[in-house]
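S.K.: Sequence and predicted structure, then a few things I'm wondering about:
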Amino acid sequence: MGRVFVVGSVNVDSVVRVVRHPLPGETVRGSDLETFWGGKGANQAVAAAEAGAEVVFVGRVGDDTEGESYRRRLASRSVDVRSLTVTRGVTTGHAMIAVDESGENTIIVSPGANARVSFDDLEVLRGSGGLDTTDTAYDSEPSGLTAEDVLLVSLELDLEVVAAAVRIAADARARVVLNLAPFALLSADVLAMADPVVVNELEADELRASAADLPSLLVTLGSAGSRWGEVSVASAPAETVVDTTGAGDTYCGTLAARLAAGDSRAQAMHAASAAAGRSVSWLGAQPA
């Protein structure tokens with residue numbers, strides 16, 4: 001069984017519930033402010049670990065109380081955080097989220113330490129550097145990416161760093177799961193290295209408009225399920241929709257974990273759909 005290496009973002013989410021989202025220039029009354037764990041990378045790492053994968057996280061937090069708490073949080077969820085670097089003089093990433101009565105959300109992200117993730121941080125993918133060797137909770141250092149492993153990466157980091165991570169993984173013959181969110185176009189050669197590129201319906205429309213040619217594309221279709229090439233899988237019904245924040249991240253993390261375990265496309269997609277369906281039943285991007 002392969003491992004899942006997540007190169008991604010860490011954010012603290014501040015969430016307020018509203019009856020409806022405000023129009024430009026409009027003020028609406030919200031609920032009490034609540035704070036949750038978030039960031040696409042961290043959300044995906046937790047989901048992958050929940051799905052049974054051995055997960056190595058590569059990213060950065062600030063030298064604030066939120067960063068220290070988040071490292072402990074991820075470690076408690078069985079995520080290897082030795083490559084989650086503490087960045088001095090910088091705050092941990094933050095997201096401001098409004099959730100309306102239907103569970104739909106709007107999100108504004110302040111990247112903080114996420115913007116400092118650099119090429120040097122990627123050395124752990126090669127099996128060198130980037131480790132906190134003072135942490136005695138681990139029996140051994142992780143080796144670099146192998147052909148059995150999966151790299152999972154999204155776009156809340158510097159895009160050149162994302163592209164470099166994909167190229168390192170491809171050189172190691174590891175599988176790349178590339179989530180093009182928040183949407184941006186990477187170079188054609190980088191997109192071609194991913195198996196699959198994962199997008200939602202809106203992102204798929206933007207891809208079509210760009211005329212990008214992707215050999216492996218997985219589109220999540222909300223209540224209509226998901227489609228990866230010739231394989232289509234129905235969505236898993238959610239009994240109660242409380243908050244859709246992080247549902248896509250849960251899908252991606254679970255998908256990567258099941259692919260690392262050797263599942264077929266259909267098997268991995270079914271597991272990812274079921275996990276995403278469960279994730280909308282709680283407030284916030286990650287389970288408590």
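M.R.: Here it is on my side, so go on. Residues are numbered from 1 along each chain as shown.
S.K.: what separates Asp121 from Ala275, distance-wise?
M.R.: Relative to Ala275, Asp121 is positioned 28 Å away (Cβ to Cβ, to the nearest Å). C-beta coordinates here come from the backbone N, C-alpha and C atoms, glycine included.
S.K.: neighbours around Val161, how many?
M.R.: For Val161, the tally of surrounding residues (other Cβ atoms under 10 Å) stands at 20.
S.K.: try Ala204
M.R.: Quick note: Ala204 (other Cβ under 10 Å) scores 20 neighbours.
S.K.: Same question for Leu152.
M.R.: The burial count for Leu152: 33, using other Cβ under 10 Å.
S.K.: quick one: pLDDT of it?
M.R.: If you check Leu152, the pLDDT there is 98.
S.K.: What are the neighbouring residues in contact with it?
M.R.: 4-8, 44-45, 48, 177, 179, 252-253, 256 (Cβ atoms under 8 Å, 6 or more residues apart in numbering).
S.K.: Provide the backbone phi and psi angles at the nearest residue to it once chain neighbours are set aside.
M.R.: With Cβ to Cβ, 6 or more residues apart in numbering as the criterion, Leu152 has its nearest non-adjacent residue at 4.2 Å, and that residue is Ala256. Dihedral pair for Ala256: phi -60, psi -40, per degrees, to the nearest 10.
S.K.: mind listing what Ala113 touches?
M.R.: Here Ala113 is in contact with 10, 60-62, 67, 87, 90-93 (Cβ under 8 Å, 6+ apart).
S.K.: mind redoing it with 10 Å?
M.R.: Listed by Cβ atoms under 10 Å, 6 or more residues apart in numbering, the contact partners of Ala113 are 9-11, 59-64, 66-67, 84-93.
S.K.: List only buried entries from these.
M.R.: Neighbour counting by 16 or more other Cβ atoms under 10 Å classes 9-11, 59-62, 64, 66-67, 84-87, 90-93 among those as buried.
S.K.: can you pull out the strands in this protein?
M.R.: 4-7, 11-17, 34-38, 55-62, 79-87, 93-99, 105-110, 150-153, 175-179, 197-200, 217-220, 226-228, 231-233 (DSSP state E).
S.K.: Minimum distance to Ala247: which of the ones you listed has it?
M.R.: The closest of those to Ala247 is strand 217-220. By Cβ to Cβ, the value is 8.8 Å.
S.K.: Check which helices and strands that closest one is in contact with.
M.R.: Counting contacts by 3 or more Cβ pairs under 10 Å, 6 or more residues apart in numbering; DSSP states H and E, strand 217-220 packs against strand 175-179, strand 197-200, helix 201-210, strand 226-228, strand 231-233, helix 247-260, helix 265-279.
S.K.: One more pass at 8 Å, please.
M.R.: strand 197-200, helix 201-210, strand 226-228, helix 247-260 (3 or more Cβ pairs under 8 Å, 6 or more residues apart in numbering; DSSP states H and E).
S.K.: Least confident of the ones you listed, on average?
M.R.: Mean pLDDT, when computed for each of the helices and strands packed on strand 217-220, is lowest for helix 201-210, at a mean of 93.
S.K.: Quick one: distance of it to the chain centre.
M.R.: 20 Å (Cα atoms, centre = their mean, to the nearest Å).
S.K.: So which elements touch it?
M.R.: strand 217-220.
S.K.: what comes into contact with the strand it packs on?
M.R.: 196-201, 204, 207, 226-229, 248, 251, 255, 269, 276.
S.K.: try 10 Å
M.R.: So strand 217-220 is contacted by 177-180, 191, 194-201, 203-205, 207, 225-229, 231-233, 235, 247-248, 251-252, 255, 265, 268-269, 272-273, 276 (Cβ under 10 Å, 6+ apart).
S.K.: just for the stretch 151-288 of the chain, where's the confidence low?
M.R.: Scanning the stretch 151-288 of the chain for pLDDT under 70 picks out 243, 283-285.
S.K.: swap the cut-off to 50 and go again
M.R.: Applying pLDDT under 50 to the stretch 151-288 of the chain picks out no residues at all.
S.K.: Show the contacting residues for the closest residue to Glu54 other than its chain neighbours.
M.R.: Of all residues not flanking Glu54 in the chain, Arg3 sits nearest, at 4.5 Å (Cβ to Cβ, 6+ apart). For Arg3, the contacting residues are 48, 53-56, 80, 142-143, 145-146, 148-151, 174, 256-257, 260, by Cβ under 10 Å, 6+ apart.
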